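Student: Return a 3D structure for these sequence lines:
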Amino acid sequence: MSGFPFLLEIGTEEIPDWMIRGALASLRELFEQFLAEAHLTSGSPLRLDATPRRLVLRAEQLPERQSDKEDVVLGPPVAAAFKDGKPTGAALGFARKMGAEVDQLEVHSTPKGKYLGLRRVVEGRRTRELLAGGLPQIILKIYFPKTMYWTGKGGPRFIRPVRWIVALLGGEVIPFELAGVKAGNHSAGHRQLGATSFPVTYADYDGTLRANFVLVSAQERRRKIESDIAALLEPRGLRPHRDDALLETLVYLTEYPTPVLGAFEEDYLTLPEEVLVTVMRHHQKYLSVESASGKLSPYFIAVMNMDADRDGLVRQGNERVVKARFNDARFFLEVDRKKKLIDRLESLSHVTWQKELGSYLEKTQEVERAVWYLGDRVEVDKAAAARAALLSKCDLTTEMVKEFPELQGVMGGLYARAEGEPEAVWRAIYEHYKPLSMEDSIPGTREGQVVALADKLDTLRRCFSIGLIASGSRDPFALRRAAQGVVKILVEGRLELSLAQALGNDPQLQEFMLDRVRYYFREVRGFRYDEVNAVLAAGWANLPDVESRLLAIQRVRPTDNFEPLAASFKRIQNILRQARFEGGAVIDEALLEAGPEAQLFQGFQRVRAAVRSYRDSKEYAAALQTIAGLRPHVDLFFDKVLVNAPDERVRGNRLAMLHQLLAEFSTIADFSEIVTVQSSTQS
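Tutor: All right, here's what the predicted structure looks like:
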């Protein structure tokens, strides 16, 4: 069956950069679902692109039409269709309705009996017609965190007003209309540099848009930004400060990006580097520039959505803006340094953290108490950590943080250092909000880790205590991030704390945290899901220990005995569950049958002692290998011994041995959670 290329371009007013990637993923999913439901196949993977003013979907080949399919239309029951070997009125009426002769009808068996029916070929619909009916709904279903009416209340909703639609299958326009906008073959170029309307085809789409100063591909825009920056900086021996997140933002803020090199007076380099970078990054979306040695240089890169800055007006304008911003920052620093952090502590009583939970002063006091609690359980300078906790939120009252909230914590650390606080104190303040994401590093000092943990755990405990629980996309207090930070700090900082005790007795909070633990080990660390389930089922209070057990399973799993033994453990668990055996019985050696049963018991006794020794020294891989070595005895037991023996005492004794075997060796991991190729059989 022949096919045609497909092009969809949704032209809009500017879409917020941070929503674009999610919208493309949604568009892909919706279109793939449409193809599946319409029984259409794409000859190659879909291609999706976007700029701030357009979402683009392309397929190299869609079939001209659906495949024909055979269908059976059922008529009357056979018993009612014939009488004395002749067709009745029911049979004749059905044949007439279907435009067929009675002898063309066939008998079809169904769960309800035998019916007369007609087999017919249903011709597939044209793809162009299917797209015309499906595309309007696909477009309106694209997910955005927020949408708007643009034709009046009750009209369609989208992230921004739709201004044009290109919809082509081969050389033909797909005919449909959305909110008064008719699909056609005309696109629009760059808002200032390109034509407002021009025809496009699938084949010339990229080239025609490029001629109108639109680089449709995000990768092409990224390459242009990077190569143009290199051309500006390399002759000066400079390089851009690596900032992938900002680069991604700039890619989706522009259709034709052009970097411009700006400069500022070297005198501003006396300001803290963190302040300069934050002013440039968060407020102006400028890339910082550094020397080959990594030292901040008095330059910045602005990326404009134009082809050139021929008269230097853009550069000059950005330089004026950055100078004004830096002057503001210098003023804020001078004002803030007139008052010490400790003198700001009482002012926190006037800064609300959460209306039901009180002020930041109250939060500070809770965090300080939590630091002393944690400090009794890990090796840390408790006094330094407590001092850092006491000062940790004081920068919230500074002019710098009021103007640049991104600097909270950082400014507190810098001010504490300037005031002569010990390094353990100021660095803990500086880093106590870390990690800000799973990609971010944890605090670099033990004091910083303890303060960060205390802060995050306090947030989680107290928010959950008043029912402030993250749900769906709602998480106003960033509880998921706080929980992920707790997990990351405990594991990567090797802090062997009882997480269950630190969380308290809230079952909802326990489950919430367990979900974050699963996420960390599966998605961030890449452990297999069944390994994570197996280890967590054996206990997850000590997260560094969880990591050690996971690494041991990962190491031992490829060995010959491991998965077969895991299958046997699953079998043991099923036997005990069916027998409703809950343990507590003592094994009577006198009831053990000579041969495989006695050999399994002896092997169990021997292996148990070795495993306990390995487990106490946290040599989990050796413990698992020792357990796996028991496999021949387990296999022979199940092959030769009937667990459900007729004698009740023998049966109970065998169940007791299996229960002890399972319980003893499930303290490292619940082996029944391991997915194996072997299927369990029941004894």
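
Student: the strands in the stretch 101-250 of the chain, which residues?
Tutor: Taking DSSP state E, counting those that start in this stretch as the criterion, the stretch 101-250 of the chain contains strands spanning 106-110, 113-122, 148-149, 157-158, 162-169, 172-173, 177-178, 181-184, 186-187, 198-199, 238-240.

Student: Partner strands of the last one and their direction?
Tutor: If I follow you right, that is strand 238-240. Its sheet considered, strand 238-240 pairs with strand 287-291 (antiparallel) by DSSP bridges.

Student: neighbouring contacts of the partner strand?
Tutor: Strand 287-291 is contacted from outside by 229, 233, 237-241, 243, 246-247, 250, 261, 276-277, 280-281, 296-297, 299-301, 303, using C-beta atoms under 8 Å, 6 or more residues apart in numbering. From N, CA and C alone the C-beta is placed, and that goes for glycine too.

Student: With adjacent residues omitted, what lies nearest to F6?
Tutor: Sequence neighbours aside, A59 is the residue nearest to F6 in space, at 4.3 Å (criterion: C-beta to C-beta, 6 or more residues apart in numbering).

Student: Would you mind giving the secondary structure of that neighbour?
Tutor: Classification of A59 using DSSP: H, G, I helix; E, B strand; the rest coil returns strand.

Student: and S197, what is it in contact with?
Tutor: Going by C-beta under 8 Å, 6+ apart, S197 touches 164, 186-188.

Student: Which pair of these spans the longest distance?
Tutor: The distance between the two most remote of the contacts of S197 (C-beta to C-beta) is 7.6 Å, for H186 and A188.

Student: List buried residues within the contacts of S197.
Tutor: For the contacts of S197, a burial check counting by 16 or more other C-beta atoms under 10 Å picks out 164, 186-188.

Student: returning to that earlier point: mean pLDDT and distance to T352 added to the strands of the stretch 101-250 of the chain, as a markdown table?
Tutor: Listed next are those as a markdown table, based on pLDDT from 0 to 100; distance: least, C-beta to C-beta, whole Å:
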| stretch | mean pLDDT | distance to T352 |
| --- | --- | --- |
| strand 106-110 | 86 | 69 |
| strand 113-122 | 83 | 66 |
| strand 148-149 | 89 | 31 |
| strand 157-158 | 92 | 34 |
| strand 162-169 | 96 | 41 |
| strand 172-173 | 95 | 57 |
| strand 177-178 | 94 | 45 |
| strand 181-184 | 96 | 46 |
| strand 186-187 | 97 | 50 |
| strand 198-199 | 97 | 55 |
| strand 238-240 | 96 | 39 |
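
Student: Now distance to P632 too, for those, in JSON lines please.
Tutor: As requested, those are exported to JSON lines (distance: least, C-beta to C-beta, whole Å):
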{"stretch": "strand 106-110", "distance to P632": "53"}
{"stretch": "strand 113-122", "distance to P632": "57"}
{"stretch": "strand 148-149", "distance to P632": "69"}
{"stretch": "strand 157-158", "distance to P632": "66"}
{"stretch": "strand 162-169", "distance to P632": "65"}
{"stretch": "strand 172-173", "distance to P632": "70"}
{"stretch": "strand 177-178", "distance to P632": "69"}
{"stretch": "strand 181-184", "distance to P632": "70"}
{"stretch": "strand 186-187", "distance to P632": "71"}
{"stretch": "strand 198-199", "distance to P632": "76"}
{"stretch": "strand 238-240", "distance to P632": "61"}
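
Student: Flag the shaky bits of this structure, pLDDT-wise.
Tutor: Applying pLDDT under 70 to the chain flags the ranges 1-2, 473, 677-683.

Student: So it: which segments form each domain?
Tutor: Domains of the chain are assigned by automatic domain parsing as 3-66+126-211, 69-122, 218-336, 360-398+426-535, 559-673.

Student: Quick check: end-to-end length of the longest one?
Tutor: Yep, that's domain 3-66+126-211 we're talking about. 28 Å (C-alpha to C-alpha, to the nearest Å).

Student: that older thread, quick one: which of the contacts of strand 287-291 sit in helices?
Tutor: In this view, the contacts of strand 287-291 that belong to helices under DSSP state H are 229, 233, 246-247, 250, 276-277.

Student: hmm, back to that, with the buried ones among the contacts of S197 in mind, which one is nearest to T254?
Tutor: A188 (15.7 Å).

Student: Enumerate every residue touching that closest one.
Tutor: 11, 53, 163-164, 194-198, 212.

Student: of these, buried ones?
Tutor: 11, 53, 164, 194, 212.

Student: related to what we said a few turns ago, if I look at H186 and A188, which residues touch both of them?
Tutor: The contact lists of H186 and A188 share 164, 197-198, where a contact means C-beta under 8 Å, 6+ apart.

Student: Name the residue closest to the centre of this structure, please.
Tutor: E523 (7.8 Å; C-alpha atoms, centre = their mean).

Student: what does the helix ranked longest in the chain contact?
Tutor: The residue-count maximum for a helix in the chain (DSSP H) belongs to helix 313-336. Helix 313-336 is contacted by residues 260-265, 268, 271-272, 275-276, 279-280, 283-284, 286, 300, 302, 304, 306, 309, 398-400, 403-404, 411, 415 when judged by C-beta under 8 Å, 6+ apart.

Student: Check stretch 34-47 too.
Tutor: 3, 28, 31-32, 57-63, 66-67, 69, 124, 127, 130, 134, 138.

Student: Now, of those residues, which are buried?
Tutor: Using 16+ other C-beta under 10 Å as the burial test, the contacts of stretch 34-47 include 3, 31, 57-59, 62-63, 66, 124, 127, 130, 134, 138 as buried.

Student: residues near the nearest residue to R557 once chain neighbours are set aside, how many?
Tutor: Nearest non-adjacent residue to R557, counting by C-beta to C-beta, 6+ apart: E563, 7.0 Å away. The number of residues packed around E563, counting by other C-beta atoms under 10 Å, is 19.

Student: ok, and E563, which helix or strand is that part of?
Tutor: helix 562-579 (DSSP states H and E).

Student: And that helix, what's buried?
Tutor: 562-573, 575-576, 579.

Student: quick revisit: need the next SSE after the longest helix of the chain, C-terminal direction.
Tutor: strand 352-354.

Student: Please identify the pairing partners of that following strand and their relative orientation?
Tutor: Applying DSSP bridges, one finds strand 352-354 paired with strand 358-359 (antiparallel).

Student: That'll do, ta.
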